[in-house]
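[1] Got a predicted structure plus its sequence, pasted below:
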Amino acid sequence: MTSSVSPDFNKSFEEIIWQICFDCQNDQILLELRNESSLDLHYHIISLDSYRHQNVAKPEKVDWWSSVKGLYGNLIAILQYEDQNNPGPATLIIFDYVNGTINKEISSFLPDRIDGNVLTGRVYENHTEKGIKLDLNDYVDGEKNKDPAKVSFPFFIDAANPDFEVIRGYLEGIDTNPVLGADYLEHGPNIFLSYYVKSTKGFDRFILWIYRGNIRLHEKMDENMKGVSSESFITSPNRLIFVKNRRTLVLYEI
């Protein structure tokens, strides 16, 4: 594998990094960390300016059957599922992790999307459905960011897509035979790509970073995967962010 750059930050955890949320208000990320043996979870927040990081305790009413949906300033948006056997409507919890308080709860909520500070979804009341739009700016402490940063996600190109043959042709030129598909993202003069190759026990996943036609980074991210996993990396305006082997967070400045 090839690398002409070193990570600007990396940190390994005992728990699995279940998911990452990017905060466009304060330029920080939240990791949802889970222990599959004890069914315990907690959060870890890392500042992308200073790389200072801290553990954050979840609210007492939040358990394994929950999912973080966003981080915005001092707020964490969490879905606590009401029925373990039904991933449908849940209770939306807006948690202020700085003050350790719950600022808002909405029952029977089904999310649609989070776009920066705006969370939209549907609420079920008396067997009827009602659309809801929640502006997290209304609950943030301190000055609001009027020009929030944006995070970019790659798009997946399936192996059956004719565009995948272009990727396959390039990778065969560096002695790699990709299968299944690839995540692809263009970011200014950078091209980011993650792809899969067959291994003895499944599939290995690799990440490739090309800058103005030159390879800056090419390394293995995961081993012996069972299949495709979504969103293998993300970028903020000036950082590449991904997870290696489910437990190590890696950041590069772009």
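    Perfect, thanks for sending it. Numbering: from 1, shown residues only.
[2] tell me the secondary structure for residue 165?
    Following DSSP: H, G, I helix; E, B strand; the rest coil, residue 165 is assigned to helix.
[3] need the contact list for the closest residue to residue 177 other than its chain neighbours.
    Nearest non-adjacent residue to residue 177, counting by Cβ to Cβ, 6 or more residues apart in numbering: residue 197, 6.2 Å away. Where C-beta positions appear, they are placed from N, C-alpha and C, glycine not excepted. By Cβ atoms under 8 Å, 6 or more residues apart in numbering, residue 197 lies in contact with 176, 177, 178, 179, 203, 204, 206.
[4] Any of those residues buried? List them.
    For the contacts of residue 197, a burial check counting by 16 or more other Cβ atoms under 10 Å picks out 178, 203, 204, 206.
[5] hang on, residue 170 is in a helix, isn't it?
    Yes. Secondary structure of residue 170 (three-state DSSP): part of a helix.
[6] Do I have it right that residue 182 meets residue 193?
    Yes. The pair residue 182 / residue 193 is scored as a contact, 5.7 Å apart, by Cβ atoms under 8 Å.
[7] between these two, what contacts are shared?
    The overlap between the contact sets of residue 182 and residue 193 (Cβ under 8 Å, 6+ apart) consists of residue 167.
[8] who has more neighbours, those two?
    Higher neighbour count among residue 182 and residue 193: residue 182, with 27 against 23, using other Cβ atoms under 10 Å.
[9] give me every residue that touches that one.
    Contacts for residue 182 (Cβ under 8 Å, 6+ apart) come out as 156, 157, 164, 167, 193, 194, 195, 196.
[10] Not counting sequence-adjacent ones, nearest residue to it?
    Per Cβ to Cβ, 6+ apart, closest to residue 182 is residue 195, 4.1 Å.
[11] Ramachandran angles for the one you found?
    According to degrees, to the nearest 10, the main-chain angles of residue 195 amount to phi -150, psi 170.
[12] Counting neighbours, what do you get for it?
    Look at residue 195: counted by other Cβ under 10 Å, it has 27 neighbours.
[13] please renumber so the chain begins at 829
    Taking 829 as the first residue, the last one we looked at is residue 1023.
[14] Tell me the spacing between the most centrally placed residue in the chain and residue 1069.
    Closest residue to the average C-alpha location of the chain: residue 848 at 3.4 Å, with Cα atoms, centre = their mean. To residue 1069, residue 848 is 7 Å away according to Cβ to Cβ, to the nearest Å.
[15] Same question for residue 1003.
    Residue 1003 is 27 Å from residue 1069, by Cβ to Cβ.
[16] ok so, going back, anything in contact with each of residue 848 and residue 1069?
    Common neighbours of residue 848 and residue 1069 (Cβ under 8 Å, 6+ apart) are 857, 1062, 1077.
[17] Dump those residues to CSV, plus pLDDT.
    As requested, the shared contacts of residue 848 and residue 1069 are exported to CSV (pLDDT from 0 to 100):
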residue, pLDDT
857, 93
1062, 92
1077, 95
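[18] among these, which are in helices?
    Per DSSP state H, helices hold no members of the shared contacts of residue 848 and residue 1069.
[19] wait, doesn't residue 923 sit right on residue 887?
    Yes. Assessed by Cβ under 8 Å, residue 923 is found in contact with residue 887 at 5.3 Å.
[20] Quickly list the domain ranges of the protein.
    Annotated domains of the chain cover 842-967, 983-1058 [automatic domain parsing].
[21] what about those, which gets the closest to residue 834?
    Closest to residue 834 of the domains of the chain, according to Cβ to Cβ: domain 983-1058, at 9.7 Å.
[22] measure that closest one end to end?
    Domain 983-1058 has its terminal residues 9 Å apart, counting by Cα to Cα, to the nearest Å.
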